[in-house]
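1. here's my sequence, what's the structure:
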Amino acid sequence: MNRNSTHECRSFLKMAIEKMYPMKRYPALVLATTWIVLAGMAMAPSRSMAQSAEPERPNIIYIMLDEWGYFESGHMGNSDLLTPNIDRFAREGMRLTNAYAGAPVCGPTRCSLLTGLHAGHMSMRKNDGFSPIRAEEPTLGSMLKQQGYATGGFGKWGIGGRGTSGIPEKHGFDLFFGYYDQVHAHTFYPRYLIRNSVEVPLPGNPGLSFYEGETHAQLAIFQESLKFIRKNQDQHFFCYLPWTPPHGLWGIDEDDPSWQLFKDKPWTAGQQTENDAKVYAAFMHLIDRQLGQIISLLKELAIDDNTVIFLCGDNGGQDYFATPERPHGFFGPNLNPETGERFRAGKGSLYEGGLKVPYLVRWPGRIKGASVSDHLLYYPDIMPTLAEIAGAACPTTDGLSFAPSLLGQGDQPTHPYLYWEYQGQTAVRMNQWKAYRGRSGTWELYDLSQDIEEKQNVADDHPDVLKQLVATADEAHHPVQPGEIYDRQLTNKDHRQAPHKGNLNFLKNSGGEARD
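-> Residues are numbered from 1 along each chain as shown. Below is the predicted model of the structure:
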């Protein structure tokens, strides 16, 4: 209570006592009680002050870049890619060096992130576009919506297309704009995007080429996300941004400023065209540019200090555009440019190269700038972390909050183990030990504290360790309980919108409409 408030209360009590005792002969007990009350009021903070002293629940922006490799940014030593805003983001926030995806591919890792479950418990374990999550499953969106957050998603959903049990508006999102189907997201010039299950035509896009059109999907998606932030600036919001770039196929507007920086580079490496490596670099700069625009908007709206931003990749890097001179991918997503060490394999694999992801978090005034944490985390941990930050009730998950590491407060719980499975592969990590079983069925064991490249299989040297990890893996795996497809025709329509060769006749003959 401030001095003026104390004076007002004292005057009010004095007037009340004088009415009761007009001759000013106040009983001693009355005087004593009055001054005790005044003293207590002076010492106790007002309710508004007490509330302002507590940290306010932040807005939450979660950005996940598709196939962004661990070393694909300037602050990680990459000299080919221009990422000034990501580099500044790292200086202003925390880099978590030991972050792992929930799965090594797009759909399942999104399932892990959004539901808080590891691969042995998830409802989506395939990456085929026809394996939605179940209707009743809680997600980050539903958890934060129940806490009063406005919830919006913009980008690549990937865990349930239209006509399935997994659509975002049935899982806590007030608004989702972008691609529901992950294969639809292979093209940046589609005929349409989707807003809450309704098609939104993109002007000037015939949809028959990966490289031709008048409306670039990522630019349209980005503008919708800015509108959402502006609209909800006066309330708590959760803005989920699962952006498709730098994933291909690589089409970009000829006049895009990011493309102008790279179009004349003497790079001819590519998967489909000789421009692919150059467009990939332009994509990285494009999303870096958009990250900078988001932070500028937050500052303009005076909500930057009360907004926490997460920035990560969705799975391990892909060794795109390898050449004899650059055998580990043109931009070396899993290759440490300083030490020459390389995470083994890449996207699709449960070796380190398929799971290690870049992970940065920024929250001005709450997370120490230029800080680094080696805390071991993976995507089931996101749900309990956001729950703790937002003060929300967290559903049952396989995760542990890493908010103590972010905020430097309290004891950080650690996992007894981390578990993954995908397409005939199994992996489990316990402390520095990692066991891996490939499609051959043979278990391997690696000591990651000594062998981050997973070159030395030490299974024969540590049979007891391997036995414990194998038993843990067996216990972690539960039979999958998938979601449902209600309208296969509608689901198939979106799945076939990307103009891959097998889809071109469908697109030309049907005008994009699904047929029997």
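2. tell me, how many neighbours does the closest residue to Arg195 other than its chain neighbours end up with?
-> Distance criterion C-beta to C-beta, 6 or more residues apart in numbering; nearest residue to Arg195, sequence neighbours excluded, is Phe177 at 4.7 Å. C-beta: built from backbone N, CA, C; applies to glycine. Residues near Phe177, counting by other C-beta atoms under 10 Å, number 24.
3. secondary structure class for Phe177?
-> strand (DSSP: H, G, I helix; E, B strand; the rest coil).
4. return the list of helices and strands in contact with the longest helix along the chain.
-> Longest helix of the chain, by residue count under DSSP state H: helix 276-300. When contacts are defined as 3 or more C-beta pairs under 8 Å, 6 or more residues apart in numbering; DSSP states H and E, helix 276-300 packs onto strand 59-66, helix 84-92, helix 217-231, strand 237-246, helix 257-262, strand 307-313.
5. thought Thr268 was touching Glu274?
-> Yes - using C-beta atoms under 8 Å, Thr268 is in contact with Glu274, at 4.4 Å.
6. on that earlier part again, from Ile221, how far off is the residue nearest to Arg195?
-> 6 Å (C-beta to C-beta, to the nearest Å).
7. re the thing from before, tell me which residues of the longest helix of the chain come out buried.
-> 276-291, 294-295, 297-298 (16 or more other C-beta atoms under 10 Å).
8. what segments of the stretch 251-400 of the chain are helices?
-> Using DSSP state H, counting those that start in this stretch, the helices assigned to the stretch 251-400 of the chain run over residues 257-262, 276-300, 352-355, 382-390.
9. turn these into JSON lines, columns for distance to Asp451 and mean pLDDT.
-> Output for the helices of the stretch 251-400 of the chain, formatted as JSON lines (distance: least, C-beta to C-beta, whole Å; pLDDT from 0 to 100):
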{"stretch": "helix 257-262", "distance to Asp451": "36", "mean pLDDT": "99"}
{"stretch": "helix 276-300", "distance to Asp451": "30", "mean pLDDT": "99"}
{"stretch": "helix 352-355", "distance to Asp451": "10", "mean pLDDT": "99"}
{"stretch": "helix 382-390", "distance to Asp451": "28", "mean pLDDT": "99"}
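10. in TSV, list these along with distance to Arg125.
-> Shown next, in TSV, are these (distance: least, C-beta to C-beta, whole Å):
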stretch	distance to Arg125
helix 257-262	35
helix 276-300	28
helix 352-355	15
helix 382-390	18
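11. to Asn509, which of those lies closest?
-> helix 276-300 (28.8 Å; C-beta to C-beta).
12. chain center to the closest one, what's the gap?
-> Per C-alpha atoms, centre = their mean, to the nearest Å, the displacement of helix 276-300 from the mean C-alpha position of its chain is 16 Å.
13. quick check: angle from it to strand 59-66?
-> If you take axes from the mean of the first three to the mean of the last three C-alpha atoms, to 10 degrees, helix 276-300 sits at 180 degrees to strand 59-66.
14. ok so, going back, hey, what's in contact with both of Phe177 and Ile221?
-> Phe154, Leu193 (C-beta atoms under 8 Å, 6 or more residues apart in numbering).
15. neighbours around Val481, how many?
-> Quick fix: residue 481 reads Gln, not Val. 11.
16. from what I can see it touches Ser123, true?
-> Yes - counting by C-beta under 8 Å, Gln481 does reach Ser123; the two are 5.6 Å apart.
17. overlap in contacts of these two?
-> Shared contacts of Gln481 and Ser123, counting by C-beta under 8 Å, 6+ apart, come down to Arg134.
18. circling back: tell me what angle the longest helix of the chain forms with helix 84-92.
-> Using the same axes, to 10 degrees: helix 276-300 against helix 84-92 is 50 degrees.
19. pretty sure Leu208 sits against Asn509.
-> No - if you go by C-beta under 8 Å, Leu208 and Asn509 don't touch, sitting 11.6 Å apart.
20. which of these two has more neighbours?
-> More crowded of Leu208 and Asn509, by other C-beta under 10 Å: Leu208, with 15 against 10.
21. ok, now which ones touch the closest residue to the more buried one other than its chain neighbours?
-> Spatial nearest neighbour of Leu208, excluding adjacent residues (C-beta to C-beta, 6+ apart): Pro499 at 5.3 Å. Going by C-beta under 8 Å, 6+ apart, Pro499 touches Thr187, Gly207, Leu208, Ser209, Phe210, Leu507.
22. and the buried ones among these, selectable in ChimeraX?
-> The following ChimeraX line selects those of the contacts of Pro499 that are buried, judged by 16+ other C-beta under 10 Å:
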select :187,207,210,507
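23. and which of the contacts of Pro499 is nearest to Gln425?
-> Thr187 (29.0 Å).
24. so who does the closest residue to that closest one other than its chain neighbours touch?
-> Spatial nearest neighbour of Thr187, excluding adjacent residues (C-beta to C-beta, 6+ apart): Ala498 at 4.4 Å. Contact analysis of Ala498 by C-beta under 8 Å, 6+ apart lists Val183, His184, Ala185, His186, Thr187, Pro190, Phe210, Leu249.
25. doesn't His495 make contact with the first one?
-> Yes - the criterion here is C-beta under 8 Å, and Val183 meets it with His495 at 5.2 Å.
26. secondary structure class for the residue nearest to Leu208?
-> coil.
27. quick check: it vs Tyr419, distance?
-> Distance, Pro499 to Tyr419, using C-beta to C-beta: 38 Å.
28. and if you look at Pro257?
-> Pro257 is 43 Å from Tyr419, by C-beta to C-beta.
29. these two: which has the busier surroundings?
-> More neighbours surround Tyr419 than the other of Pro257 and Tyr419, with 23 against 11 (other C-beta under 10 Å).
30. what about the more buried one, helix or strand, and which?
-> Taking DSSP states H and E as the criterion, Tyr419 maps to strand 418-422.
31. what about dumping the CA coordinates of that strand to PDB?
-> What follows is strand 418-422 as a C-alpha-only set of coordinates in PDB (Å, rounded to 0.1, in the frame of the first residue of the first chain):
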ATOM      1  CA  LEU A 418      14.600 -41.500 -23.800                       C
ATOM      2  CA  TYR A 419      12.800 -43.800 -26.300                       C
ATOM      3  CA  TRP A 420      12.200 -43.800 -30.100                       C
ATOM      4  CA  GLU A 421      10.900 -46.200 -32.700                       C
ATOM      5  CA  TYR A 422      10.400 -45.800 -36.400                       C
END
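32. least confident of the contacts of Pro499?
-> Lowest-confidence member of these: Leu507, scoring 92 (pLDDT).
33. helix/strand/coil for that residue?
-> helix.
34. pretty sure it contacts Ser209?
-> No - the pair Leu507 and Ser209 fails to qualify as a contact (C-beta under 8 Å) at a distance of 10.3 Å.
35. Met94 versus Ser371, what's the distance?
-> Ser371 is 4 Å from Met94, by C-beta to C-beta.
36. give me every residue that touches Thr472.
-> Thr472 neighbours (C-beta under 8 Å, 6+ apart): Tyr417, Tyr419, Val428, Met430.
37. biggest separation within those residues, which pair?
-> Using C-beta to C-beta, the contacts of Thr472 span at most 9.8 Å, a distance reached by Tyr419 and Met430.
38. before we move on, the earlier item: between Ser371 and Met94, point out the one with more neighbours.
-> Neighbours were counted for Ser371 and for Met94 using other C-beta under 10 Å; Met94 has more, 22 against 17.
39. ok, the more buried one - contacts?
-> Contacts of Met94 (C-beta under 8 Å, 6+ apart): Leu360, Val361, Arg362, Ile367, Lys368, Ser371, Val372, Ser373, Ser405, Leu406.
40. now do the strands in the protein.
-> Assigned strands in the chain, in chain order: 59-66, 94-100, 150-156, 175-179, 192-195, 198-201, 237-246, 307-313, 359-362, 371-378, 418-422, 425-430, 433-437, 443-447 (criterion: DSSP state E).
41. rebuild these as CSV, extending it with distance to Asn127 and mean pLDDT.
-> As requested, these are exported to CSV (distance: least, C-beta to C-beta, whole Å; pLDDT from 0 to 100):
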stretch, distance to Asn127, mean pLDDT
strand 59-66, 12, 99
strand 94-100, 17, 99
strand 150-156, 13, 99
strand 175-179, 15, 99
strand 192-195, 20, 99
strand 198-201, 24, 99
strand 237-246, 15, 99
strand 307-313, 16, 99
strand 359-362, 22, 99
strand 371-378, 18, 98
strand 418-422, 8, 99
strand 425-430, 13, 99
strand 433-437, 19, 99
strand 443-447, 23, 99
